[in-house]
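> the following block contains a protein sequence and its predicted model.
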Amino acid sequence: MKKFLMIGTLVLAASAVAGSAVAAEFYVVRDATTKKCTIVDTKPTSTTTTIVDNGTFKTKTEAETGMKTMKVCTSN
């Protein structure tokens with residue numbers, strides 16, 4: 001019984017870690033007022049910022065690289 005309890009606990013912990021790693025997303029957004037692009041880790045819900053192009057990335061490094069290629073972000 002102890003063995004099954006330990007296995008269940010390990011499976012639950014592993015799935016929690018995997019779930020949080022998958023949920024992490026980074027967005028390249030542009031402020032409507034300042035016209036500046038930034039990287040955020042939460043999806044914008046206000047009308048003052050919008051996601052640029054296909055500006056959703058799995059890592060911050062990917063978002064930084066992607067932002068450098070987005071014309072609207074590099075024209076400022």
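Looks like it arrived, so ask away.
> does anything pack onto the longest strand seen in the chain? Which helices or strands?
Longest strand in the chain, counting residues (DSSP state E): strand 49-57. Strand 49-57 sits against strand 26-31, helix 60-69, helix 71-74, with contacts defined as 3 or more C-beta pairs under 8 Å, 6 or more residues apart in numbering; DSSP states H and E. The C-beta positions use only the backbone N, C-alpha and C, and glycine is treated the same way.
> tell me the angle it makes with strand 26-31.
160 degrees (axes from the mean of the first three to the mean of the last three C-alpha atoms, to 10 degrees).
> same question for strand 49-57, mean pLDDT?
Taken as a whole, strand 49-57 carries a mean pLDDT of 90.
> which outside residues touch it?
25-32, 37, 40, 43-44, 63, 66-67, 70, 72-73 (C-beta atoms under 8 Å, 6 or more residues apart in numbering).
> which ChimeraX command selects the buried ones in those residues?
Typed into ChimeraX, the next command selects the buried ones out of the contacts of strand 49-57 (criterion: 16 or more other C-beta atoms under 10 Å):
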select :26,27,28,29,30,37,63,66,67,70,73
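> how long is stretch 24-42 from one end to the other?
One end of stretch 24-42 sits 9 Å from the other (C-alpha to C-alpha, to the nearest Å).
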